[in-house]
Structures are given as structure tokens and as C-alpha cells.
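Trainee: Any chance you can model this:
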Amino acid sequence: MRPIILFVLIASTVFAAGVAAATAVDLVHPSGEVRIAAQDAALDPTVRKSAEGEELVAVTFKPAAKPSLVLTPTKGTWSWTADGTMRLRVQNGMPWPVTLMIDVTSASRHLTATVGVPPGPPQTVSLPLQATSPRAFGMQVGPPMPFDDNIVATSVDGAIDARAVTSVTLSMPQPGAPQTLLFGKLDDVAGSDDLRHAYTAIVDRYGQYTRATWAEKIASDADLKARANAAPKVTDPKGLDRYGGRTDLPAMQATGWFHAQKQGGRWWLVTPEGHAFFSLGVNAVNLTDGRTYVQGREYMFADPGAANGPFGGSGDSRSDQGSQRDNGMNHGRWWDVYANNVARSFGSDKDEPAWRKRTVDRLKAWRFNTLGNWSDPAFAGDHRIAYTVPILIHGDFNTVGAGFDYWGRMPDPFDPRFAKATEAAVAKATKGVRDDPWLLGYFADNELSWAGQGPQGRWALATGSLAQGPESPAKQAFLDYLKKTHGDAATFAKAWGVPATHWEQVAAKGFKAPDPDEAHPAIAADYIAFLKLYANQYFRTVAQTLKKADPHHLFLGGRLAVRTPEVEEASAAYADVTSINTYTDLPEHGFDVAAFRKMDKPVLITEFHFGSADRGPFGNGVAAVASEEERGKAYARFVDAAVASGVIVGTHWFQYVDQPVTGRILDGENAHIGLVGITDIPFEGFTRAVTDANARTGGGSGGAR
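Mentor: Model prediction:
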């Protein structure tokens, strides 16, 4: 450990490079001096002592764009350890949490992090001197801070030469009122023990976070067994047919299968018996969603025996997909935390039939009527609740990169091999279920990369197709369109403002397509036309193949997440229902409801949720709310708005079970978004609110808790 820099106040006025003249103080330690300069911040001219006797300098950050405090050596640079950690003692002088931004600089290079400092006694802020993130540890969100009296920056960006640090800047993002922090010792230490300690023993033998408590947290096998097996209180709802259709509304066509129909100015799904049906679904109802990698991070588990015991296996999630970028724990031995707890609840084995019965009992008590995507296929034989089936199209067909590619590159629907792969995928999906009236319908693929990122992301499939070589079917389809539209290459080049004298130049691999601009409106027009061709080709191929194999059931679209207007139009044209995944406070903030009203086509929301960080897992989902209580309120608002839209025919919650604290093996997601915890114990307050909202939406009388 290097000598501690103790803030000792010496009256003076100094000027720091890059900082306006400001009242400042020199801070002295045995090996030299540290200079402080304040920008839009006021230094208290007295040294304060904490209750523990620490000497601290008070700094009040004034309301400004970015008030800051700059620490600089009065001579030369600081030489710190390259793989070390910077430590700074900080106390929040306010009665609320304060955001502190840290920028460590060497020459023109920066290492930055943001931490939250809660009110209370002094804390040690630890900043690793190398970039890091929870992704490096196999999870998307890191442990909450502080723990003990430590605030570890688990997300650090940038890079510096730690041997030549020129300054440390402490700042705030535009405070609305004066904020006071007190600063004490600044030091650097070798190694990254502080970061490792932040992740050490964070999970107990039940897969629960060890450093917090909450109402549903369990402490023993007996407690788990009693609470997991508690039967939901149910009163039989009246006014529903056996599929959950509403008999209190005018009857519609009874086809023997689920279908979509418009009546009374709004779209409905219709049960096989001919009654209005609003699909209230839950995604990922299965026993395999509790898998988390153990190998390489055994220190995270307080009970290594449990983590390396039964219900484990080996996996490999490594890929070039966006979901795996920067994921540092993505292969090796995994532990299925949820399956382990389900087995505990039954006494020995996980007993899948008993688990399925218990789960459907709960879902029906909570007034759900549909099993959403990714659910256990074995539920298909239950015949107590409607279910859905995915058509997952894989093969050796060409693919197109859209830049984002979170789940992989886009299939090329112009490739004849895509049509053959679709036939194989449809045959697999429809096998054994095509004659089942409880099947609601089929999805095609999942969250395909219909667009890229950024303001020009809408055109990504068009530019990505043009960047491919002449062997690409997608590129050939685009070239055919361009030749038909513009005729000769010179006319095309003028319309697009590109240097091309013959079509072979455009056909060549690596052709760099321009972004649309006002001077060349043909670019955007051609991109839109091609995106329509692309989306129509995809949805037409899937729809025709599916209807040939199974003419009875609904084609529920492609679970659109990243999407464009062209994709939505194609889905509306060829799918019976367009499925959209959106994580917003209200449905109309996630997609253009008015556009679907104009097209007069139904929509199924196939993923939405609201998460909070007060039940163990560190993440609060894609749509975050402040607390567990707020989750129930947000659910009700969303579903009520969906019903009022007139075009939305159902809402499917993602997902049934909380994600593992240490991240799921698929991509490290670790959020509290479940109806039940990783222990299979329901979140009582949330499920009560969900039940009330579902009862209003799904009709019938009676209720459940």
C-alpha cells in the first residue's frame, strides 16, 4: 500500500490547469503535495471530523451544468499500480443519495465511473484502475452499493496510464440545489481485491442475494416447502367458457379454433367456442430458467457445495451475437438454482408433473389464461390453459448484418434455402399440436434484427444487403429493384449521388451505400421500397408455409422488438396477429397504435414487464419502477391501456420466474421481473395486484389471492 494522502488544510489560492481561478487548498502528505481547485463548488475553510474521528474537507457543489473538484499533484504525476485500485473516503452531507462522477486522467486519456453516495457515515469509494463492468463477471447488473462501508465502482470505462496520473476530477451531473460532500483520504492500492470482494459470497444456498432481506426471502428448507406448496386461494370465476372466453359479451363465430375477429369497434381473439378472449399470458414458464454459470466464479456462492451439487451441467453460450459481447462468464459448469429449489419444495426430486400442476393452478388463480413463448412444451397436454408454440428457423441460408444483431444476423428470405429451412421448422413446430384446440397460435423466430442502432438504423438491412457480394440473394433482389427503377447505372448514380458508371461496381462486395439526405430523396425512397420487399418476402414465406401445414391455427407474427414501419406493415398483411415486444410504461409509448388502427389489424403484446431492485436480483428489468408495490400499479396501468386501445388483443408478461442473481446463462440478465422468486415462492403483493387487473380485463366474476 502506498502512503496515505491525508487532506490537511493550508490556506492559499491556486490555479489549476484547465480550471478557472478558484479558492483552493493544498493537501499535504509525507511524499509531496496535492492541489485542489473547485469549479462551481465551494470549499469549506475548516477541517471537519466525523463521528469516527476522520478529518474531512467539506465541498458544496453548486447548481451548475457540472460542478467539479479537481485534484492535481503540485509536482509531476502520481505513479499508481497499473492493475490497482484508487480509494477515496467520502461522506454525504445531505439527507438523500448523491451522484458522484469520477474522472481519473493521464495526459489525454480518461478512466471514468459514476457512483451513488448514500447519506450516513463516511464510505470508501473504490475505483479499479482498469475498465470493468458487471458483464465481465457474467451479469448485466452488478451488486448494489454500498456494502459494509464500501462503494465499489463496478462499471468503469476508458483507459489510462496509471503510472502517470495527472488529475482526479470529482463532479456531479447538474444538481438542482447545493449538494455537500465531505472528502477524506485519497490512496491507491495494488490489485483489485475491492472489486473481487464486491462479488464475493453474494448468493446463498437458495440462490438468494445474501446482503439484503425482503418479505419472501426464506431461511430454511421447511420454510421453502411450506410457502412454495401453499395452495392459492381461488373462487371459481363466472361468465367464462372453459378456454377463458367471456360469455358475458355477445357471442362470435365458433370455429373450433382460436381466431381473431372484430366486433363492437374493437379486435378480439375468439375462443374455439366463439367467445371474446383477451390473452393474458406469461412467458418462460419452465423449469430451466434458473441456470447460472458457476465455473470460474465459485467465490460468488456462499455455499459452494450447493452450487456444485445436483441440478448442474455444462454449457457454452459463446457466440458473436450482440448478447454475448463483453460477457466474461459464458461457458463451463452451470447450476440450475430454480430447479434445485423446486426439488426442495417437493422433498427430493423436482417432480415435473407436480410442478406443472402447481404452476397452472397458480396462473389460473391469478386469472392468466395463456402460456406465452418459451414455456415448457409439456404443458400442451394439460388442456387447462391456452398455449403458444415458436417456429425457430435455422439453416445454412444467407444472413445479413444489421449492426445491432443482438440475437444474431437477419435471415435472408430471398435465399431458396430459407424457404426449405422454414418448411423444416414449421413441420417440427406443428408436430403433435396441429389438431389441438387449446393451441392459441404460432410465433415465427424472435426479436429479429429488423433495424440497426442510431438515427440511420432504419436502413440497416438495406445498406447491409448492398455491402454483400453478388452471391447474396438479398443483394440480387435489391439490384433487380434498382435496375428496374432507375434503368442504367448512370441514372442511378446521379439519383443517389454516388460514383458508379456501371452496375458491376454496385454489385461488388463492400459497396458502401450512402445515408439518405435531402439532396438525394431517391435513396430513402429506394431503401423503403427494399425494406418492404424484404419484410414481405419473410412474412409471406412463413405464412404460406405455416397455413399449408396447419390451416386452423393463428400465425401470431414475429415478436417484433427492433422494428421499422415496413416490418409492421408486412406483419399486419401476412400474420393473423402482429406480435410486438415492448418495454414501456404504456403500450402506445412502445409502438404506433394509431397506425394499426388505420390498418385495422390486431396486435398482441408478447413481452412487457416492470421490475424493481428490492427482491434480490440486482437488475430492475428493461422497464424499471421504484419498488415492488409500484410493479403491481404499473402492470394494471399497462393492461388497462391495452384493453382501451381497441387493437390490442392480449398482453404477455415476461417472465414467470425471477432471473438468477448471478445472471442467466443465455446473456447474463439478472433482474427481479418474476411472478415468483428463484425459490418458486410467489410475490404475494404483486400477484394480488395482477389478479385484480386480470379479473377486470378477462371478465367473469369471483377472484383469487
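Trainee: need the contact list for the nearest residue to residue 538 once chain neighbours are set aside.
Mentor: Once flanking residues are discounted, residue 538 sits nearest to residue 413: 4.0 Å by CB to CB, 6 or more residues apart in numbering. (C-beta placed from N, C-alpha, C; glycine too.) Residue 413 makes contact with 474, 534, 537, 538, 541, according to CB atoms under 8 Å, 6 or more residues apart in numbering.
Trainee: wait, is residue 114 part of a helix?
Mentor: No: applying DSSP: H, G, I helix; E, B strand; the rest coil, one finds residue 114 to be strand, outside a helix.
Trainee: tell me which residues form a beta bridge with it?
Mentor: Beta-bridge partners recorded for residue 114 (DSSP bridges): residue 101.
Trainee: For residue 542, see how far away the residue nearest to residue 538 is.
Mentor: Here residue 413 is placed at a distance of 9 Å from residue 542 (CB to CB, to the nearest Å).
Trainee: To which secondary structure element is the nearest residue to residue 660 once chain neighbours are set aside assigned?
Mentor: Ranked by CB to CB, 6+ apart and with sequence neighbours excluded, the top spatial neighbour of residue 660 is residue 292, at 3.9 Å. Using DSSP states H and E, residue 292 sits within strand 291-293.
Trainee: I'd like the average pLDDT over that strand.
Mentor: The average pLDDT for strand 291-293 rounds to 96.
Trainee: Could you list the buried residues of the helix or strand just after that strand?
Mentor: Next along the chain after strand 291-293, taking DSSP H and E as the criterion, comes helix 304-307. If you call a residue buried by 16 or more other CB atoms under 10 Å, then helix 304-307 has these buried ones: 306, 307.
Trainee: immediately after the top helix by length along the chain, which helix or strand?
Mentor: Ordering each helix of the chain by length in residues (DSSP state H) puts helix 521-549 first. For helix 521-549, the following helix or strand on the C-terminal side (DSSP H and E) is strand 554-555.
Trainee: so what does the helix or strand following that next one touch, helix or strand wise?
Mentor: The element immediately downstream of strand 554-555 (helix or strand, assigned by DSSP H and E) is helix 565-574. Judged by 3 or more CB pairs under 8 Å, 6 or more residues apart in numbering; DSSP states H and E, helix 565-574 is in contact with helix 521-549, strand 578-581, helix 593-599.
Trainee: Could you pull up phi and psi at residue 171?
Mentor: Per-residue torsions, residue 171: phi -150, psi 180 (degrees, to the nearest 10).
Trainee: Just after the top strand by length along the chain, pick out the following helix or strand.
Mentor: The longest strand of the chain (DSSP state E) is strand 179-189. The element immediately downstream of strand 179-189 (helix or strand, assigned by DSSP H and E) is helix 193-198.
Trainee: Contacts made by stretch 419-430 with the rest, please.
Mentor: Stretch 419-430 has contacts (CB under 8 Å, 6+ apart) with 389-397, 411, 442, 541-542, 545-546, 549-550.
Trainee: Narrow those to those that are buried.
Mentor: Buried members of the contacts of stretch 419-430, counted by 16+ other CB under 10 Å: 389-391, 393, 395, 397, 411, 442, 541-542, 545-546, 549-550.
Trainee: pLDDT and distance to residue 430 for these - can I get that in a markdown table?
Mentor: Shown next, in a markdown table, are the buried ones among the contacts of stretch 419-430 (pLDDT from 0 to 100; distance: CB to CB, whole Å):
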| residue | pLDDT | distance to residue 430 |
| --- | --- | --- |
| 389 | 98 | 8 |
| 390 | 98 | 12 |
| 391 | 98 | 8 |
| 393 | 98 | 13 |
| 395 | 97 | 17 |
| 397 | 98 | 20 |
| 411 | 98 | 19 |
| 442 | 98 | 8 |
| 541 | 98 | 16 |
| 542 | 98 | 12 |
| 545 | 98 | 10 |
| 546 | 98 | 8 |
| 549 | 98 | 5 |
| 550 | 98 | 5 |
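Trainee: Buried residues of stretch 79-91, list them for me.
Mentor: Residues 80, 81, 84, 85, 86, 87, 88, 89, 90, 91 are the ones in stretch 79-91 that count as buried (16+ other CB under 10 Å).
Trainee: ok, and the closest non-adjacent residue to the residue nearest the centre of the chain?
Mentor: In the chain, the C-alpha nearest the mean C-alpha coordinate belongs to residue 622, at 4.6 Å (CA atoms, centre = their mean). Once flanking residues are discounted, residue 622 sits nearest to residue 583: 3.6 Å by CB to CB, 6+ apart.
Trainee: OK, contacts around that neighbour?
Mentor: With CB under 8 Å, 6+ apart, residue 583 has these contacts: 590, 607, 608, 609, 621, 622, 623.
Trainee: cutoff 10 Å now
Mentor: Contact analysis of residue 583 by CB atoms under 10 Å, 6 or more residues apart in numbering lists 561, 589-590, 607-611, 621-624, 654, 673.
Trainee: try residue 602
Mentor: Applying CB under 10 Å, 6+ apart to residue 602 gives the contacts 260-262, 266-269, 554, 556-557, 572, 575-578, 596, 646-650.
Trainee: Centre of the chain to stretch 466-481, how far?
Mentor: 33 Å (CA atoms, centre = their mean, to the nearest Å).
Trainee: Report the buried residues of that stretch.
Mentor: The neighbour-count criterion (16+ other CB under 10 Å) identifies 466, 467, 468, 472, 473, 474, 475, 476, 477, 478, 479 as the buried residues of stretch 466-481.
Trainee: From the rest of the structure, what touches it?
Mentor: Against stretch 466-481 from outside (CB under 10 Å, 6+ apart): 397-401, 410-418, 459, 461-465, 482, 503-504, 506-514, 526-527, 529-530, 533-534, 537.
Trainee: How much space separates residue 508 from residue 108?
Mentor: Remark: distance between residue 508 and residue 108 (CB to CB) = 39 Å.
Trainee: Can you say which of the contacts of residue 602 are buried?
Mentor: 260, 266-269, 554, 556-557, 572, 575-578, 596, 646-650.
Trainee: Can you measure across stretch 608-628, start residue to end residue?
Mentor: Stretch 608-628 stretches 16 Å from its first residue to its last (CA to CA, to the nearest Å).
Trainee: Distance from the chain centre to stretch 414-426, please.
Mentor: Centroid displacement of stretch 414-426 relative to its chain, using CA atoms, centre = their mean, is 30 Å.
Trainee: what about the helices in the stretch 101-250 of the chain?
Mentor: Secondary structure of the stretch 101-250 of the chain (DSSP state H, counting those that start in this stretch): helices located at 193-198, 221-228.
Trainee: Mean neighbour count, the ones you listed: which tops it?
Mentor: helix 193-198 (a mean of 18; mean count of other CB atoms under 10 Å).
Trainee: So which helix or strand of this structure has the lowest pLDDT on average?
Mentor: One helix or strand of the chain scores below all others by mean pLDDT, DSSP states H and E: strand 10-14, with a mean of 29.
Trainee: Is residue 342 in contact with residue 349, as I believe?
Mentor: Yes: counting by CB atoms under 10 Å, residue 342 does reach residue 349; the two are 9.3 Å apart.
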